[in-house]
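Chemist: I'll drop the sequence and a predicted model, then ask my questions.
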Amino acid sequence: MTTPNETKVPPSLSALQQEVEEWIQKVGKGYYGVLTNTALLMEEVGELARLLARHYGDQTFKPGEDASPEALAEEMADVLFVLICLANQTGVDLTQAFLQKLEKKTQRDRERHAARQLPS
């Protein structure tokens, strides 16, 4: 537990992958198949997209729908969880993959976005 003056360090992607692996073995009793988890990932992305369309797009919430920021965070966490499951199942080190992707995007887009003006 952290004290009021301590800063809690967020877990790394590698730590999250290990935590999901342990959870799957102890609680989940094994992974679903890769294709099942792929379908579940698409389902979770769809649920996230639905909330984003209502929070930031032109659609409005129906009566009784959860419009809280916590619902948005929960859907993002669902996407991350299933993505981590897929990474674990397929042997992908998400930390390494992310760092490689960030370097690639940095090299490719270094000058591309230099003059970009973001909307106010």
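Modeler: Sure thing, it's come through. In this text the structure is predicted, and so the values were computed from the model without any measurement.
Chemist: Let me see the contact set for the residue nearest to the spatial centre of the chain.
Modeler: Nearest to the geometric centre of the chain sits residue 80, at 3.2 Å (Cα atoms, centre = their mean). Taking Cβ atoms under 8 Å, 6 or more residues apart in numbering as the criterion, residue 80 is in contact with residue 16. No exception for glycine: its C-beta is placed from N, CA and C like everyone else's.
Chemist: ok, now how distant is it from residue 86?
Modeler: For residue 80, the distance to residue 86 (Cβ to Cβ, to the nearest Å) stands at 11 Å.
Chemist: And residue 110, by the same measure?
Modeler: 30 Å.
Chemist: same check, this time on residue 47
Modeler: 17 Å.
Chemist: So between these two, which is more surrounded?
Modeler: residue 86 (18 against 15; other Cβ atoms under 10 Å).
Chemist: Now do the contacts for that one.
Modeler: Counted by Cβ under 8 Å, 6+ apart, residue 86 has contacts 34, 37-38, 41, 92.
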